[in-house]
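Chemist: Please work out how this folds:
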Amino acid sequence: MLVDDLEVDPDLITPDVRLDSLELDSLAAVELITLIKEQFGVDLSEDESRLGKMTFGELVELVNSGLNGS
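Modeler: Below is the predicted model of the structure:
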């Protein structure tokens, strides 16, 4: 999603990269949340305000916990 839909350079995506360092503006963050909800059925809208401070790895963990119903 980050590469295909938001045009983030794939070389920049590592587990420890902070999402705000990928230059995702607030519109891109909302789009990412929407894509995650559509693709995985996980609603991250409550986490929108802290999304930029998360690492990619933390985002993956958050989505996984949503998939597992935790």
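
Chemist: Could I get the average pLDDT for the top helix by length along the chain?
Modeler: Counting by DSSP state H, the longest helix found in the chain is helix 26-40. The average pLDDT for helix 26-40 rounds to 90.

Chemist: For it, buried residues please.
Modeler: Residues A28, A29, L32, I33, I36 are the ones in helix 26-40 that count as buried (16 or more other CB atoms under 10 Å). C-beta here means a position set from N, CA and C on the backbone, and glycine is covered the same way.

Chemist: Please apply the same query to stretch 2-21.
Modeler: Neighbour counts over stretch 2-21 (16+ other CB under 10 Å) mark L2, L6, V8, V17, L19 as buried.

Chemist: May I ask which two of those are separated the most?
Modeler: Using CB to CB, the buried residues of stretch 2-21 span at most 13.5 Å, a distance reached by L6 and V17.

Chemist: quick revisit: which elements pack onto the longest helix of the chain?
Modeler: Packing partners of helix 26-40 (3 or more CB pairs under 8 Å, 6 or more residues apart in numbering; DSSP states H and E): helix 56-67.
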